[in-house]
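Trainee: Sequence first, then the predicted structure, then my questions.
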Amino acid sequence: MGNDKKALDRFDTKAKRNMSIITKFLAIIGCAVTLATVGIVAITLEVFESHLVSDTEEGLKQSSDGALRVLTDWKVTLMGYSILAAENADAKESLYYGDSEKLKNLMDIYGENLDYEGMAFLDKSGSVVAGDGSFLKDGENYSNIAAVKQSLNGEPATCYEPISSSKLAMIYTAPVKHDDEVVGAVISVYDLTTEDFITLMKNGHGVECTLFIGDERVQTTLGANMIGTKANNPDIEKTVLTNGTQFHGEVELVGRRFYSVYTPLKDSQGNVTGMIFIAKDLDMLSNITNDSLKYVIPLSILIIAVLTIVGWRFVHWILKRIKAVSDFLKNLSTGEADLTKRCDLLVRDEIGDLIIYFDLFMDKLHEIVKSVKESKNTLSASGQYLSESTDDTASAITEIIANIESMHNQIKNQTGSVDSANSEVGKISSSISNLDTMIESQSAGVTQASAAVEQMIGNIMSVNKSVDKMSDSFDSLQKNAETGFQKQQDVNERILQIESQSQMLQDANTAISSIAEQTNLLAMNAAIEAAHAGEAGKGFAVVADEIRKLSETSSTQSRTIGDQLSNIRNAIAEVVTSSNESSQALAAVSSKIKETDQLMIQIKSAMEEQNAGSQQITDALRNMNDSTDEVKNSSKEMSRQSEAIVREMKSLHDSTGSMNVSMDEMANGANKINETGASLKEITGEVKTAIDKIGSQIDLFTV
């Protein structure tokens, strides 16, 4: 009982008693139901409000489109009125000729039959010639209105601007043309500051409506005190008035929240002059939320109460069964350690499974304790045997320590021998390395010599090729020189022929000169005879004179030809001299070429002999290089084998050192084992004592 009280005190120290499980469970149920109910209500209201806002937005878009359609219908009506008046032939004639009376009669007719706020005929300056008399008065000038300016330039137009007594009006203008000349315009107006439009939107669509000129309210369903105030919202002004697009969003006005759509009012040029505000009150969402909470909160309280009662009954039943298990365990812990008792099973559920598995555990524990009690005697005998074995182990460890000391001394002697061998092998390896270096140097020298000889052979072969090319060139030159000499001989012969022919021309020119002299004498004689004949010989005298002139001309040409022939003969003589000199030069060149060709043949023969000698040197160097490579390879192989021996000796040295260290560690370990044997002997006594205590505790269980 004293041990049980200590155990309970230990549990009380670790965990102080808290509130009961049923209180915790009911608190959890209450919190869960409350959170679930509140969450569902919040989500429901949020979804409802979201859908309501979405539906409101969609409805406002449709209402805004409806407002634009109403304005469009009004604009179409004004367009029809204006075009009807502008196309009237009498109106065209009256404006052209300035007949204001006729125009006023037309305005009276239109006023009785058409529905508009104001209508008038304007002259070229934009002044009213004939108006309706109430809204648009005669003499007023509207040339500052954008639509009027455009119509006076020949195009129909529409705009939203202040006019006359209206702060915002829909204006449509149409040009009046006479023979394609603009003589004026027709202006038609709807006053938007009346309550017709906003009342139509409020009653027809159930929305709040406001009309703006710029950012100033000119008419609204929000109350007369709002007329003349400004929007004072930079986002709306930028979106609608500056960018010309719709604005959608929540706004707060007159202490209420509205979801609104602001739509720009544009003229025919696309300029924004105002805007329409269409909105619905969002405060009804708060009313819907409050109405919902009136039903949801009591329902939530009722659900929490019902679930709490049901949960309490259920938890109480569960805890009753758990208490039965706790009482059983309490009796088991405070009784005589009777492992044959079992807990009663009432219902097969999770707690029933707990009881079943606990009974199975008790069965397992019963078998284990029973087996331990049967093994108690065997364990006592094993403790005695362990004590005897410990004594034998201690003596065996003493002998092992002695053997280890003997092996340790032998390994130290071996370490000295290995160090000496390692030193000698290192010297051999160094000598082999020096030999390998010298062989490398010799191989490099032979390789360089071989490369130089091969380069020289290449140069000789290049010279041979050059000599062959020069020999071929000299042969070709020799042939060309002989051909030139023959051609020069032919030229000399042709020049001699030309010289003989020029001599014949000289003889012919001499004959012509002689004929000219005789003709001249004949002409002189004819002239003399004509003079003797008198008048009868005048015609003959003329012929004689012409013959004389012809003779003189022939004589002059003959002398000129003679001079030219003399020059030609002199030139031919010079050509003959130069040709002879050229022939002699070609003959000398041909002789020198033959001599040079002989020299080239001798050079080629000498170079071939030198090439043959160089080939022999190359073969000898190649054989020497092959021998050097074999020596080099053998040296490298010796070097590698030497390095392998050095590595093996180093490994042997390291192994010997490791063995020496290992033997030291083994000696230390054997000493520790010896010490441990002594400790083990003491532990064996303690184990025997513990076995006796375990036996006394096991005997307490009833199995």
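Mentor: Yes, it's here.
Trainee: Mind jotting down where the strands sit in this protein?
Mentor: Along the chain, the stretches classed as strands by DSSP state E are 118-122, 128-131, 157-163, 166-178, 181-191, 208-213, 216-220, 247-253, 256-266, 272-281.
Trainee: looking at those strands, which is closest to His316?
Mentor: strand 256-266 (51.5 Å; CB to CB). C-beta here means a position set from N, CA and C on the backbone, and glycine is covered the same way.
Trainee: Let's see that closest one as PDB, backbone CA atoms only.
Mentor: Extracted in PDB, the C-alpha atoms of strand 256-266 (Å, rounded to 0.1, in the frame of the first residue of the first chain):
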ATOM      1  CA  ARG A 256     -27.300  56.700 -46.900                       C
ATOM      2  CA  ARG A 257     -25.300  54.100 -48.900                       C
ATOM      3  CA  PHE A 258     -26.200  53.700 -52.600                       C
ATOM      4  CA  TYR A 259     -24.900  51.400 -55.300                       C
ATOM      5  CA  SER A 260     -24.700  53.800 -58.300                       C
ATOM      6  CA  VAL A 261     -24.100  54.100 -62.000                       C
ATOM      7  CA  TYR A 262     -22.900  57.400 -63.500                       C
ATOM      8  CA  THR A 263     -23.400  57.700 -67.200                       C
ATOM      9  CA  PRO A 264     -21.800  60.500 -69.300                       C
ATOM     10  CA  LEU A 265     -24.000  62.800 -71.500                       C
ATOM     11  CA  LYS A 266     -22.200  63.400 -74.800                       C
END
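Trainee: how close does the closest residue to Arg548 other than its chain neighbours get to Val148?
Mentor: Closest residue in space to Arg548, ignoring its immediate chain neighbours: Ala523 at 3.6 Å, by CB to CB, 6 or more residues apart in numbering. The spacing between Ala523 and Val148, counted by CB to CB, to the nearest Å, is 117 Å.
Trainee: Name the spans of the stretch 201-350 of the chain whose pLDDT lies under the cut-off.
Mentor: 284-289, 292-293, 332-339, 345-347 (pLDDT under 70).
Trainee: Helices of that one, residue ranges please.
Mentor: Secondary structure of the stretch 201-350 of the chain, counting by DSSP state H, counting those that start in this stretch: helices at 234-236, 284-334, 350-533.
Trainee: same check, this time on the stretch 1-150 of the chain
Mentor: Using DSSP H, counting those that start in this stretch, helices in the stretch 1-150 of the chain cover 2-14, 21-86, 89-97, 100-113, 146-152.
Trainee: Turn those helices into JSON lines, columns for distance to Asp327, mean neighbour count and mean pLDDT.
Mentor: Shown next, in JSON lines, are these (distance: least, CB to CB, whole Å; neighbours: other CB atoms under 10 Å; pLDDT from 0 to 100):
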{"stretch": "helix 2-14", "distance to Asp327": "15", "mean neighbour count": "9", "mean pLDDT": "49"}
{"stretch": "helix 21-86", "distance to Asp327": "16", "mean neighbour count": "15", "mean pLDDT": "78"}
{"stretch": "helix 89-97", "distance to Asp327": "115", "mean neighbour count": "17", "mean pLDDT": "90"}
{"stretch": "helix 100-113", "distance to Asp327": "108", "mean neighbour count": "15", "mean pLDDT": "87"}
{"stretch": "helix 146-152", "distance to Asp327": "100", "mean neighbour count": "22", "mean pLDDT": "92"}
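Trainee: For Gln246, find the nearest of these.
Mentor: Going by CB to CB, the one of the helices of the stretch 1-150 of the chain nearest Gln246 is helix 21-86, 7.2 Å.
Trainee: ok and that closest one relative to strand 272-281, angle-wise?
Mentor: 140 degrees (axes from the mean of the first three to the mean of the last three CA atoms, to 10 degrees).
Trainee: rewinding a little: output the helices of the stretch 1-150 of the chain as CSV; include the columns distance to Val542.
Mentor: CSV is the format used below for the helices of the stretch 1-150 of the chain (distance: least, CB to CB, whole Å):
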stretch, distance to Val542
helix 2-14, 175
helix 21-86, 110
helix 89-97, 104
helix 100-113, 115
helix 146-152, 106
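Trainee: is Ala130 in a bridge, and if so with what?
Mentor: Applying DSSP bridges to Ala130 gives these bridge partners: Phe121.
Trainee: what's the spacing between it and Asn633?
Mentor: 129 Å.
Trainee: these two touch, right, the residue nearest to Arg548 and Thr553?
Mentor: No. With contact defined as CB atoms under 8 Å, Ala523 does not count as touching Thr553 (11.9 Å).
Trainee: Those two: which is more packed in?
Mentor: Per other CB atoms under 10 Å, whichever of Ala523 and Thr553 has more neighbours is Ala523, with 20 against 11.
Trainee: roughly how far apart are the more buried one and His532?
Mentor: 15 Å.
Trainee: Report the contact partners of the residue nearest to His248 when sequence neighbours are not counted.
Mentor: Once flanking residues are discounted, His248 sits nearest to Val261: 5.6 Å by CB to CB, 6+ apart. Applying CB atoms under 8 Å, 6 or more residues apart in numbering to Val261 gives the contacts 57, 60-61, 63-64, 246-248, 277-279.
Trainee: Bridge partners for Val261, pull those for me.
Mentor: Bridge pairing for Val261 - DSSP bridges - gives His248, Ile278.
Trainee: And for the one 4 residues further on?
Mentor: According to DSSP bridges, the partner residues bridging Leu265 are Gly274.
Trainee: what about it, neighbour count?
Mentor: Using other CB under 10 Å: Leu265 sits among 24 other residues.
Trainee: Test my guess that it contacts Met275.
Mentor: Yes. Using CB under 8 Å, Leu265 is in contact with Met275, at 5.8 Å.
Trainee: what touches both of the two?
Mentor: Common neighbours of Leu265 and Met275 (CB under 8 Å, 6+ apart) are Phe212.
Trainee: Give me the common contacts of Ala523 and Thr553.
Mentor: In contact with both Ala523 and Thr553: no residue, using CB under 8 Å, 6+ apart.
Trainee: Phi, psi for Ser143 please.
Mentor: phi -70, psi -20 (degrees, to the nearest 10).
Trainee: Backbone dihedrals for the closest residue to it other than its chain neighbours, please?
Mentor: Excluding its sequence neighbours, the residue lying closest to Ser143 (CB to CB, 6+ apart) is Gly126, at 2.9 Å. As for Gly126, its main-chain torsions (degrees, to the nearest 10) stand at phi 90, psi 10.
Trainee: Which pLDDT value does the model give Gly126?
Mentor: For Gly126, the pLDDT comes out at 92.
Trainee: quick one: contacts for it?
Mentor: So Gly126 contacts 141-145, 148-149, 152, 185 (CB under 8 Å, 6+ apart).
Trainee: swap the cut-off to 7 Å and go again
Mentor: 141-143, 148, 152 (CB atoms under 7 Å, 6 or more residues apart in numbering).
Trainee: What of Thr173?
Mentor: Counted by CB under 7 Å, 6+ apart, Thr173 has contacts 82, 147-148, 151, 156-157, 185-187.
Trainee: Go again with 10 Å.
Mentor: Residues near Thr173 by CB atoms under 10 Å, 6 or more residues apart in numbering: 78-79, 82, 86, 122, 126, 142, 145-152, 155-159, 185-189, 268.
Trainee: If we ignore the residues flanking it in sequence, what's nearest it?
Mentor: Per CB to CB, 6+ apart, closest to Thr173 is Ser151, 3.9 Å.
Trainee: who touches Thr34 in this structure?
Mentor: 300-301, 303-304.
Trainee: Kindly indicate which of those lies nearest Asp507.
Mentor: Ser300 (158.0 Å).
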